[in-house]
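Visitor: Using only what follows, build the 3D model:
(chains A and B)
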Amino acid sequence: MFETSEIETFDATAVNSARVRQPLYAARKKIFPKRAEGRFRRFKWVVMLITLGIYYLTPWLRWNRGPYAPDQGVLVDLANRRFYFFPIEIWPQEFYFVAGLLVMAGFGLFLLTSTVGRAWCGYTCPQTVWVDLFLVVERAVEGDRNARIKLDAAPWSANKLLRRVSKHLIWLIIAVATGGAWIFYFADAPTLLRGLVTGQAAPVAYMTVAILTGTTYVFGGLMREQVCTYMCPWPRIQAAMLDENSLTVTYNDWRGEPRTRHAKKAAAAGQAVGDCVDCNACVAVCPMGIDIRDGQQLECITCALCIDACDSVMDKIGKDRGLIAYATLAEYQSNMALATMGGTSAIDPGRVRDAGGKLSDKVSTFHVRKLLRPRTLIYFAAWSLVGLGLLYALLTRDRLQVNVLADRNPQFVVLSDGSIRNGYTVKLLNMIPEPRTIIVTLQGLPGAEMNVVGMDHSAVRSFAVEAEPDRLKTLKVFVRQPREFVAGPTQHFTFEVKDKSGAESDRYEATFDAPDMSK
Amino acid sequence: MSDKQIDEFSGVSTTGHEWDGIKELDNPMPRWWLIVYYATIVWAAVYVIAYPAWPLVRTATTGLLGYSSRGDVKTELDAAKAAKADYIAAIGAKSVKEILADEKLRIFAAAAGAAAFKVNCVQCHGSGAQGSPGYPNLNDDDWLWGGSAEQIQQTIAHGIRYAEDPNTRVSEMPAFADILQPKQITQVASFVASLSNKAENASDGDIAAGKDVFAQNCASCHGDNGKGNRELGAPNLTDAIWLYGSTPAAIAAQVRAPKHGVMPAWGVRLGDTTVKELTVYVHSLGGGE
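Guide: The predicted structure is shown next:
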């Protein structure tokens, strides 16, 4: 027997014990971002104007390609399998240009993230831009943060109803415009708009508009930061892209802590006083509803609005800007070491200041040179290499091509005079939006002559054919070689095609099969 | 199980089931899951009423919407037919010559003919229309009954030696085993082989003697110079194309007891339009005249 007291007891609690149990699905806590003012906010307005402008207006830009091709600057013509981007026209088999652009976008994102962190998320991501736009509407209708909180808490009234209904209505109008703009990339925009309004457009157009209206409204108006936090993979991936020299929005607690709302009183009491006055302005403006002072976190999209908010407070109380600033982990750690004497004591902002209260020279700051490091240079090199490769491919690509498919059943036919005939399906690709006269010529294969099904001329070495603009022309060509010229069971020769009026040409190495005459 | 039993550790009620002292927790389903679950039940009920669902002895309930997958197929087939209707009508109305002259119509007819050929003709003529001994190669430029569009159409529509069609093409080469001496048969075979330089082992005497035999017995159908006669379906014996073999032995066998291929008449079975399509296809294989 033993005493109960001999048994070791633990201070353990089940993570889901009834006392601390929380529902599996946390309800969303409402966020009421306050309007921020400052340089980053101004920059974001400009980015918003540019990105939204590009999105809404691009389909309406015209580009004259002559009478045989659409005049829309950017058009994804799925029905005819053509993609137009101003002077560039892409056929389906040239899709590698799009793949290459995607690779470039990937490297570009890596490059951007390794230098300036989640700048994509904070400034140009459609989710961020549209949420910003929706917040503009919300502020205009319901007022800024405090007014919105008050309205949200207030019981339903005619005023609340009116404001809510108008807010959602404007959101929906924006959402419809957004969904609508998308489909203009896939058809002639003016025609499609007329069709949409008069109810003549294809059902799939309405469906697409409806779906994108729904996603825009739900993501931009209702879900907002939840899309970034729960749905988007990028916050998880970006951790692998950042390193100690990447710029991220950082709360410099080495000068901010200990924070206090009563700086004078604390200073009088002889306590260390940081620059942070704990006004929570950074939290109030945050569209993600987080506190940057808790450090770098998954939810932070680095929109830098907290920098604006904090800077204006620092200006008011006459302190240096940059309590919250773009900083790298390296400089942050060096400054932190300075403030804590290498981690041996609590933060004392006095250590980073000189006698006059200004930040001391020992405080390390960001230098543009840090942007140039092997990692970013390699990303940039890879990005440029793909870009140059694409450019080269674009400038040297053929706009006249020939593909030849030899008949395999039968491989050859013996004719009554003993000569041998092979059949070929010759495909001429006239890849410019102009009609062309193309000359097809046999090279090699002595004595051989061509016949084309459906054409009058017979037994020629060369013939001309009219190719429709921007179309594939398929010809059935029979090549016949007299028996005395047949030089073996397999002979190689060339179909050469040439633009009659231009210098462009292409060739295709083909094979001529014959029975083995030696047997 | 009237009173609720609560598990002390987790604070969740149990189902009351117990195995070796272990009780099963009765965790509630997440609400969204239950909503989806009930929604599927409602959906099932609606589906059963709206769509064919309950099997009966021979058939099944049809549902209020009157949907059937066969109906779907029929709609699609009708749509496909309607899409082709203009072409089919044009093919029906025009002659084969006119079809061949119209590029779009020719391409359509050749494609349709290729499909019909794969179903009806490949059994004898081969999948590439390349034929085999006894079955003519349709790719080459040698035609027993003529290679113009009209002649090909006539052959396909009415067949060859097809007893049930009064307009069928008929020719019959006599069995010369009953008429000629074996020696004469060897001689004439040597001569015929020599017309296309295939008689390497025959003596000049045989060939010369065979020439006389040919003039007396064969020239009436195959022509004085052996070029054949398409009116009679008599093959050209001077070219490189041989239906039953080009060696003197094979020729002699054919002289002795000729084989006669039979081709069915397809006009009644396939209809005028399909025959025209087949004609365009065969004509465009490379040997059409």
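
Visitor: neighbours around residue 34, how many?
Guide: As the question left the chain open, I've gone with chain A. 19 (other C-beta atoms under 10 Å in any protein chain shown). All C-beta spots, glycine's among them, are computed from the backbone N, C-alpha and C.

Visitor: could you do chain B instead?
Guide: What residue B:34 shows, counting by other C-beta under 10 Å, is a neighbour count of 11.

Visitor: in which helix or strand would I find it?
Guide: In this structure, residue B:34 is located in helix B:31-50 according to DSSP states H and E.

Visitor: I figured residue A:326 hits residue A:115, correct?
Guide: No. Counting by C-beta atoms under 8 Å, residue A:326 does not reach residue A:115; the two are 10.8 Å apart.

Visitor: Looking at residue B:52 now. What's its pLDDT?
Guide: Predicted confidence (pLDDT) for residue B:52: 91.

Visitor: Residue A:282 touches residue A:310, doesn't it?
Guide: Yes. Taking C-beta under 8 Å as the definition, residue A:282 is a contact partner of residue A:310 at 5.4 Å.

Visitor: Residues that sit against both of those two, list them.
Guide: Both residue A:282 and residue A:310 are contacted by residue A:324, under the criterion C-beta atoms under 8 Å, 6 or more residues apart in numbering or on different chains.

Visitor: doesn't residue A:430 make contact with residue A:68?
Guide: No. Under the criterion of C-beta under 8 Å, residue A:68 makes no contact with residue A:430, lying 10.2 Å away.

Visitor: From the neighbour counts alone, determine which of these two ranks first.
Guide: A direct count of neighbours by other C-beta under 10 Å for residue A:68 and residue A:430 places residue A:430 higher, at 23 against 13.

Visitor: and that one, backbone torsions?
Guide: For residue A:430, the backbone dihedrals (degrees, to the nearest 10) come out as phi -90, psi 100.

Visitor: what about it, distance to residue A:402?
Guide: Spatial separation of residue A:430 from residue A:402 under the definition C-beta to C-beta, to the nearest Å is 10 Å.

Visitor: per-domain residue ranges of chain B.
Guide: Domain assignment for chain B, taken from automatic domain parsing, gives B:1-67, B:76-162+B:268-283, B:182-256.

Visitor: Mind putting the ones you listed into JSON lines with distance to residue A:55?
Guide: Written out in JSON lines, the entries for the domains of chain B read as follows (distance: least, C-beta to C-beta, whole Å):
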{"stretch": "domain B:1-67", "distance to residue A:55": "33"}
{"stretch": "domain B:76-162+B:268-283", "distance to residue A:55": "37"}
{"stretch": "domain B:182-256", "distance to residue A:55": "68"}
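
Visitor: So for residue A:388, which of these sits nearest?
Guide: Judged by C-beta to C-beta, the one of those that comes nearest to residue A:388 is domain B:76-162+B:268-283, at 43.2 Å.

Visitor: What count of nearby residues applies to residue 102?
Guide: Since you didn't name a chain, this refers to chain A. Residues near residue A:102, counting by other C-beta under 10 Å: 11.

Visitor: The chain in question should be chain B.
Guide: Other residues within reach of residue B:102 by the criterion other C-beta under 10 Å amount to 15.

Visitor: what residues are up against it?
Guide: For residue B:102, the residues meeting the contact criterion (C-beta under 8 Å, 6+ apart) are B:90, B:94.

Visitor: Confirm residue A:84 sits in a strand?
Guide: Yes. Residue assignment for residue A:84, taken from DSSP: H, G, I helix; E, B strand; the rest coil, places it within a strand.

Visitor: show me what contacts it?
Guide: Contacts for residue A:84 were tallied using C-beta under 8 Å, 6+ apart; they are A:63, A:65, A:69, A:70, A:72, A:73, A:74, A:75, A:76, A:77, A:90.

Visitor: make it 6 Å
Guide: residue A:75 (C-beta atoms under 6 Å, 6 or more residues apart in numbering or on different chains).

Visitor: quick one: residue A:28 from chain B, how far?
Guide: Counting by C-beta to the nearest C-beta, to the nearest Å, the gap between residue A:28 and chain B amounts to 14 Å.

Visitor: just checking, what's the longest helix in chain B?
Guide: Secondary structure of chain B read by DSSP state H shows that its longest helix is helix B:69-93.

Visitor: neighbour count winner among residue A:326 and residue A:115?
Guide: The residue with more neighbours, out of residue A:326 and residue A:115 and counting by other C-beta under 10 Å, is residue A:115; that gives 22 against 18.

Visitor: Can you report how many residues neighbour residue A:411?
Guide: Neighbourhood size, residue A:411 [other C-beta under 10 Å]: 17.

Visitor: all strands of chain B, in order?
Guide: In chain B, the segments counted as strands under DSSP state E are B:14-19, B:22-25.

Visitor: Which pLDDT value goes with whatever residue of the stretch 51-200 of chain B ends up closest to chain A?
Guide: Distances from the stretch 51-200 of chain B to chain A, computed as C-beta to the nearest C-beta, single out residue B:128 as the nearest residue at 3.3 Å. pLDDT, the model's per-residue confidence, is 92 for residue B:128.

Visitor: Same question for residue B:12.
Guide: At residue B:12, the pLDDT value in this model is 80.

Visitor: and it, how many residues sit next to it?
Guide: 14.

Visitor: Residue B:210 too?
Guide: By the other C-beta under 10 Å criterion, the neighbourhood of residue B:210 contains 25 residues.

Visitor: cool, and residue A:404?
Guide: Counted with other C-beta under 10 Å, the burial measure for residue A:404 works out to 18 neighbours.

Visitor: Also the one 5 residues further on?
Guide: Residues near residue A:409, counting by other C-beta under 10 Å, number 11.
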